[in-house]
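**Q** Here you go, sequence then predicted model.
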Amino acid sequence: MRVFVAGASGAIGGPLVRQLVAAGHEVTGMTRREEKAAELREDGVDAVVCDVFDAEGLREAVVAARPEAVVHMLTALPPRFGPRTDLEPTNRIRIEGTRNLIAAARAAGAKRVVAESVAFFYAPEGGWVKDEGASLDLEAPGKIGKAVAALADLERQVLESEGLEGLVFRFGWFYGPNTYIGPGGSQAEEVRKRRYPIVGKGEARFSFIHTADAAAAVVIALERGAPGVYNVVDDEPSPLREWLPVYAKTLGAKPPRRIPRWLVALTVGPTLARSATESRGASNAKAKRELGWQPAHPSWRQGFPELFAA
């Protein structure tokens, strides 16, 4: 199959294009930088340098690739991630960039689009683990609310694209090479410095996914699975108080500090305090059932040590 991957040099794009090539697909990978394009070509990918906001240039690139499927893995997140991270560039990609990419996919005659969303923006209500039918946190305050609105717009565009089979993958928190949680990542550094605390009772739930497992789900979805939304996460959504001490121990760091919610609200803001205590996890039952996908890393309990032992 001919596949066009937008965001081919990212944390998930890298393992994805390598898996696609290994599976025998003809892959065109899009990136914004020539040095990244050179790396993609070394992996057997036909790389193009293009900006998603250049609608005409993007259209020409996608049409030239003649893809049967288009994969949207574009973000604009900075090398370091934290409470003050600017999410607006990624929000713009998810709204305007998605519009341009879908128009290009339609012009190229593609049949299927698979797009990246996230599984950690469910509304903080009801049970701690959510399936795809649960409401997104559209009422979240501040920049989180804007980020959720941008994701909802992306999902709507993909699912309602006329003439295209749209699949949205709500991924959990990525770990693996070149991720915030992986070796050298900013979150690993914060945990080593004891700057990543357990907030309140540590009840907030986190769902993780290894980037290789996320990529494997996308490869499957090129040819299998009905259009719709899928949570692509591991088997064990876990509270902050449970996974963070294990992660710190894996890094050889001291145990994380514990701080009250009110202090986080006072020093960093109520938005982060809300996320740090009320976030929901996600169920992968639908992806396993309808895609026939199984994560090779069923839990962060095995995945974290494996990552840092490499």
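**A** Good, I have the coordinates.
**Q** And the pLDDT for Pro78?
**A** At Pro78, the predicted lDDT confidence score is 80.
**Q** so it, which of the three states?
**A** Secondary structure, DSSP: H, G, I helix; E, B strand; the rest coil: Pro78 is coil.
**Q** For this protein, give the helix that spans the most residues.
**A** The residue-count maximum for a helix in the chain (DSSP state H) belongs to helix 142-159.
**Q** residues contacting Ala150?
**A** Thr90, Asn91, Arg92, Arg94, Ile95 (Cβ atoms under 8 Å, 6 or more residues apart in numbering). Where you see a C-beta, it was placed from the backbone N, CA and C, and this is true even at glycine.
**Q** Please apply the same query to Val246.
**A** Counting by Cβ under 8 Å, 6+ apart, Val246 touches Trp300, Arg301, Phe304.
**Q** Tell me the gap between whichever strand or helix holds it and the middle of its chain.
**A** Secondary structure from DSSP states H and E places Val246 in helix 240-251. With Cα atoms, centre = their mean, to the nearest Å as the basis, the distance from the averaged C-alpha position of helix 240-251 to the chain average is 21 Å.
**Q** Next: stretch 254-269.
**A** Offset of stretch 254-269 from its chain centre (Cα atoms, centre = their mean): 26 Å.
**Q** Next, find the distance separating the nearest residue to Gln157 once chain neighbours are set aside from Thr75.
**A** The shortest distance from Gln157 to any residue other than its chain neighbours is 5.0 Å, reached at Thr98 (Cβ to Cβ, 6 or more residues apart in numbering). Here the criterion is Cβ to Cβ, to the nearest Å. By it, Thr98 lies 12 Å from Thr75.
**Q** same thing with Ala214?
**A** Plainly put, Ala214 is 13 Å away from Thr75 if you go by Cβ to Cβ.
**Q** what's the span of stretch 69-76, first residue to last?
**A** The first and final residues of stretch 69-76 sit 22 Å from each other (Cα to Cα, to the nearest Å).
**Q** Could you do stretch 176-184 as well?
**A** When the termini of stretch 176-184 are compared using Cα to Cα, they are 11 Å apart.
**Q** buried residues in it?
**A** If you call a residue buried by 16 or more other Cβ atoms under 10 Å, then stretch 176-184 has these buried ones: Gly176, Pro177, Asn178, Thr179, Tyr180, Ile181, Gly182.
**Q** One more: stretch 285-303?
**A** Under 16+ other Cβ under 10 Å, the buried positions of stretch 285-303 are Lys286, Ala287, Lys288, Leu291, Trp293, Pro295, His297, Trp300, Arg301, Gly303.
**Q** what about it, average pLDDT?
**A** Mean pLDDT, computed over stretch 285-303, is 97.
**Q** For Leu58, which non-adjacent residue is spatially closest?
**A** The spatial neighbour of Leu58 that comes closest, neighbours along the chain excluded (Cβ to Cβ, 6+ apart), is Ala104 at 5.0 Å.
**Q** OK, contacts around the one you found?
**A** Under the criterion of Cβ under 8 Å, 6+ apart, the neighbours of Ala104 are Ala55, Leu58, Arg59, Ala61, Val62, Val63, Val70.
**Q** try 10 Å this time
**A** 4, 6, 50, 52, 55-63, 65, 67, 70, 110 (Cβ atoms under 10 Å, 6 or more residues apart in numbering).
**Q** Assign a three-state SS to it, would you?
**A** When classified by three-state DSSP, Ala104 comes out as helix.
**Q** Check it and give its pLDDT.
**A** Confidence at Ala104, expressed as pLDDT, is 98.
**Q** Could you shift the numbering so residue one becomes 696, and keep it that way?
**A** Let's use 696 as the start, then, which means that last one is Ala799.
**Q** And the helices in the stretch 846-995 of the chain?
**A** Listed in chain order, the helices of the stretch 846-995 of the chain (DSSP state H, counting those that start in this stretch) span residues 881-887, 906-916, 935-946, 956-962, 965-973, 980-986, 995-1004.
**Q** so can I have a markdown table of those showing distance to Ala732?
**A** Shown next, in a markdown table, are the helices of the stretch 846-995 of the chain (distance: least, Cβ to Cβ, whole Å):
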| stretch | distance to Ala732 |
| --- | --- |
| helix 881-887 | 26 |
| helix 906-916 | 19 |
| helix 935-946 | 34 |
| helix 956-962 | 42 |
| helix 965-973 | 36 |
| helix 980-986 | 30 |
| helix 995-1004 | 27 |
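**Q** deepest of those helices, which one?
**A** When neighbours are counted by mean count of other Cβ atoms under 10 Å, the highest per-stretch mean among the helices of the stretch 846-995 of the chain falls to helix 906-916, a mean of 23.
**Q** quick one: Glu751 and Pro932, what's the gap?
**A** Taken as Cβ to Cβ, the spacing of Glu751 relative to Pro932 amounts to 43 Å.
**Q** For the two, indicate the residue with more neighbours.
**A** More crowded of Glu751 and Pro932, by other Cβ atoms under 10 Å: Pro932, with 25 against 9.
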